[in-house]
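Chemist: No sequence on hand, only this structure:
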C-alpha cells in the first residue's frame, strides 16, 4: 500500500501490514530526520494519573531489555546525532536527527524503546525528582503558569484543562506498571505515524521500518475524547503578590479540522503574531509603551481550539491594555479589512512560512503531525493556495468569535 503525492513527488506514503503508516519527505540534505508521531498526550490521562504521558516520554529512555540508559543516549550521539521527544495535549513525538547513513541505527533504537522499554524502578524514582523540579520551576514563572490556570477554567471538566507535567501528588503514584500500561495502550501501530525526511530512497526507508517496527501487533484501544463544554465567559483576578501583572485573554475557536483553520492562523498573525508590526505590539508597546511584549497564540485540537492574548505590564496599565485589545478585536469583527491590507498580511505570513521551511527539524515534525491527524502532509503549494484564498469577509467572520462578549480573562496581580 504505497502512494506518491503528485505535488512535485515530495511525499511518499505507505502502510505496513500491522497498520503503521509511513510518510517519506524527499530532501537532498546531508542530515536525516525520522521519528514516530503518536496520538497520545495529556488529554488521554485520567485525573488520577495527570502527567503520565509526559512521564512515560521521559522514562522511555531509561532502559530496555537490551540497553541501559547510557547506551540509549549514546547510540545516536556517538555518530553526531541525537534522539529526543516531547509531549503535548494530543501528541507525543519521539524523533532523531543524524548524519545521513545512520537510518537503520535510529529506527532500530526507536523500535527498542517502543517495544522493549522496562521502566526500571530506580530510574523512575530518579526521574520523578527531575519532573517534580520541573513542575516547581514552571510554577515559579507566573507568565507560564497563568496559561495552565486559564486552560483549567476555559476547559473546566475536561482533560484538556490540566498541566501536561501533572501534579506532585500524581507524579508520586507512577510505577513501572502504570508506565508500561500507558505505553502498551497508546504506542500502537494504528495510533502512530513514522515520518522521515532526507535523501534515502522511499523503498529503503519503508523496508527498514518494516524490518524493525513490523513486529508491533497490538491493536489500538478505542479512545473517545469528550469535547469540552462551552463555559460562561469569566473575568477573574488572582492576587499572587507578583511585581508585574500578567493577563491572558482568550476565546474558543474551531479545531484543526475546521475549514477556517488557516483563516485563524492568518488572523492571529495580524493581531499579535511573532512580528513587531502586529497590531497589538504596535498599539500597546510602540505607541503607548504599556508593555515590553504582547503576544497572541492559536492552540488547535481535534475538536476545538483556543485563541489567547498574553501581556505582562505594571498594575496600573492592565485596564488600558485590556481596553485597547478589545477595541482591536472589535474593529476586526465589525469592519472588513481592505484588500490591500489583507494582501500585505498574506505576503508577510507566507514569507514567514518560507523562512520556517528552512528549519528542517520543524518541517519533519510537522510532516509527522499532519499525517497523523490529516492522513497526509500539506505541500507548500497547498498552504499558499489556502492562504491566498482567504477573503476580507473570512477574516471578519473569524474575528466575530473573538469579540469582548465571547472572551474570558484571567489576571495574576498584586
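Modeler: Cool, got the structure. Note that the structure is a prediction, hence the values are computed from the model and not measured.

Chemist: Excluding covalently adjacent residues, which one is nearest to residue 20?
Modeler: Excluding the flanking residues, the one nearest residue 20 by CB to CB, 6 or more residues apart in numbering is residue 189, at 4.0 Å. For glycine as for every other residue, the C-beta is placed from the backbone atoms N, C-alpha and C.

Chemist: from memory the one you found sits against residue 15, does it?
Modeler: No - at 9.3 Å, residue 189 and residue 15 do not qualify as touching, with contact defined as CB atoms under 8 Å.

Chemist: who has more neighbours, the two?
Modeler: Just comparing residue 189 and residue 15: by other CB atoms under 10 Å the higher neighbour count belongs to residue 189, 24 against 16.

Chemist: Which pLDDT does the model give the more buried one?
Modeler: Here, the pLDDT recorded for residue 189 equals 94.

Chemist: for residue 6, same thing?
Modeler: 42.

Chemist: tell me the contacts of the residue lying closest to residue 31 once chain neighbours are set aside?
Modeler: Computed as CB to CB, 6+ apart, the closest residue to residue 31 that is not its neighbour in sequence is residue 97, at 6.0 Å. Applying CB atoms under 8 Å, 6 or more residues apart in numbering to residue 97 gives the contacts 31-33, 81-82, 360-361, 364.

Chemist: sec struct for residue 97, please.
Modeler: Assigned by DSSP: H, G, I helix; E, B strand; the rest coil, the conformation of residue 97 is strand.

Chemist: In helices only, show me the contacts of residue 97.
Modeler: 360-361, 364 (DSSP state H).

Chemist: Relative to residue 109, which of the residues you listed is nearest.
Modeler: The closest of these to residue 109 turns out to be residue 364 (CB to CB; 16.7 Å).

Chemist: and the closest one, how many residues sit next to it?
Modeler: Neighbour count of residue 364, defined by other CB under 10 Å: 26.

Chemist: Mind jotting down where the strands sit in the stretch 1-150 of the chain?
Modeler: 2-4, 11-15, 21-26, 31-38, 82-87, 92-99 (DSSP state E, counting those that start in this stretch).

Chemist: Go ahead and name everything in contact with the fifth one.
Modeler: Strand 82-87 is touched from outside by 41-42, 53-54, 57-58, 60-61, 72-73, 75-76, 92-98, 106, 109-110, 164, with contacts defined as CB under 8 Å, 6+ apart.

Chemist: Then stretch 308-327?
Modeler: Against stretch 308-327 from outside (CB under 8 Å, 6+ apart): 143, 146-147, 150, 244-250, 271-272, 280, 283-284, 288, 290-297, 299, 404, 407, 409, 411, 413-414.

Chemist: And stretch 39-54, by the same measure?
Modeler: Residues outside stretch 39-54 that contact it (CB under 8 Å, 6+ apart): 87-92, 131, 159-160, 162-167, 170-171, 173-174, 178-179, 182, 186-187, 191-192, 223, 225, 301, 372-373.

Chemist: repeat for stretch 57-64
Modeler: Contacts of stretch 57-64 (CB under 8 Å, 6+ apart): 69, 72-73, 83, 85-87, 92, 94, 112-114, 116-120, 123-124, 127, 130-131, 179, 183.

Chemist: Endpoint to endpoint, it covers what distance?
Modeler: 14 Å (CA to CA, to the nearest Å).

Chemist: same thing with stretch 250-270?
Modeler: With CA to CA as the measure, stretch 250-270 spans 16 Å from end to end.

Chemist: can you check stretch 186-200 too?
Modeler: Terminal residues of stretch 186-200 are spaced 29 Å apart (CA to CA).

Chemist: Give me the buried stretch members for that stretch, please.
Modeler: For stretch 186-200, the neighbour count (16 or more other CB atoms under 10 Å) marks 186-189, 191-198, 200 as buried.

Chemist: now swap in stretch 77-95 and tell me
Modeler: Neighbour counts over stretch 77-95 (16+ other CB under 10 Å) mark 81, 83, 85, 87-95 as buried.

Chemist: Check stretch 395-412 too.
Modeler: 395-396, 398-399, 401-402, 404, 406-412.

Chemist: Repeat that for stretch 204-211.
Modeler: 205-206, 208-210.

Chemist: closest to residue 334 among those residues?
Modeler: Closest approach to residue 334 among these (CB to CB): residue 205, at 51.5 Å.

Chemist: Now do the contacts for that closest one.
Modeler: Here residue 205 is in contact with 22, 24, 34, 103, 196 (CB under 8 Å, 6+ apart).

Chemist: Turn these into JSON lines, columns for pLDDT and distance to residue 380.
Modeler: Formatted as JSON lines, those follow (pLDDT from 0 to 100; distance: CB to CB, whole Å):
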{"residue": "22", "pLDDT": "97", "distance to residue 380": "21"}
{"residue": "24", "pLDDT": "97", "distance to residue 380": "16"}
{"residue": "34", "pLDDT": "98", "distance to residue 380": "21"}
{"residue": "103", "pLDDT": "98", "distance to residue 380": "25"}
{"residue": "196", "pLDDT": "98", "distance to residue 380": "18"}
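
Chemist: quick one: contacts of the helix or strand residue 353 falls within?
Modeler: Residue 353 is located in helix 339-356, with elements delineated by DSSP states H and E. Residues outside helix 339-356 that contact it (CB under 8 Å, 6+ apart) are 265-266, 269-270, 274-275, 277, 337, 362-363, 380, 383-384, 387-388, 390-392, 395.

Chemist: Separate out the buried members of these.
Modeler: Among the contacts of helix 339-356, those classed as buried by 16+ other CB under 10 Å are 265-266, 269-270, 337, 363, 383, 387, 390, 395.

Chemist: circling back: now, the buried residues of stretch 186-200 that are in helices?
Modeler: Per DSSP H, the buried residues of stretch 186-200 map to helices at residue 186.

Chemist: Which residues does stretch 146-158 contact?
Modeler: Counting by CB under 8 Å, 6+ apart, 160-163, 226-229, 231, 234, 236, 238, 246-248, 250, 252, 306, 308, 310, 408, 410, 412 sit against stretch 146-158.

Chemist: now with 6 Å?
Modeler: 161, 163, 228, 231, 246, 248, 408, 410, 412 (CB atoms under 6 Å, 6 or more residues apart in numbering).

Chemist: mind listing what's buried in stretch 140-148?
Modeler: Buried residues in stretch 140-148, counted by 16+ other CB under 10 Å: 142, 145-148.
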